[in-house]
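In: Any chance you can model this:
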Amino acid sequence: MGLAGTAFVGANTVRFSSLPLLDDAYFDMLDNEVYAAIADAVLLPHCGSYWVNTGQIMYVGPGETAQVLHRDADNWWEYVRSAWPDVVDITVSAMIGHE
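Out: All right, here's what the predicted structure looks like:
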């Protein structure tokens, strides 16, 4: 990732993926009516269906700097760049904090 990648994701941040393998509670989140309504409203006008892309726990460690404001759609930069400036929302992201 180099220095720029480490600065972006954090030097003192740990991520756990594959949540469905770790806890069945992940599936409760997928059944949440509020999350589904938001995703439906944002995504379905532009597609026939959608998938969950990533489920992850992110532990931001002590002293970590704030991550730069960004759009997760930049993970699909080829699409975003080709459709700019008329690009539609192709992803919905949510971070739920807990102390």
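
In: What segments of the chain are helices?
Out: 2-9, 19-22, 25-30, 33-43, 77-83 (DSSP state H).

In: wait, what's in contact with residue 94?
Out: Contacts here follow CB atoms under 8 Å, 6 or more residues apart in numbering; on that basis residue 94 touches residue 35. From N, CA and C alone the C-beta is placed, and that goes for glycine too.

In: To clarify, my last question referred to residue 26.
Out: By CB under 8 Å, 6+ apart, residue 26 lies in contact with 19-20, 55.

In: got TSV for the residues you listed, with distance to residue 81 and pLDDT too?
Out: As requested, those are exported to TSV (distance: CB to CB, whole Å; pLDDT from 0 to 100):
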residue	distance to residue 81	pLDDT
19	30	86
20	32	85
55	27	84
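
In: if we can go back for a sec, make TSV out of the helices of the chain and add distance to residue 68.
Out: Output for those, formatted as TSV (distance: least, CB to CB, whole Å):
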stretch	distance to residue 68
helix 2-9	7
helix 19-22	25
helix 25-30	26
helix 33-43	23
helix 77-83	16
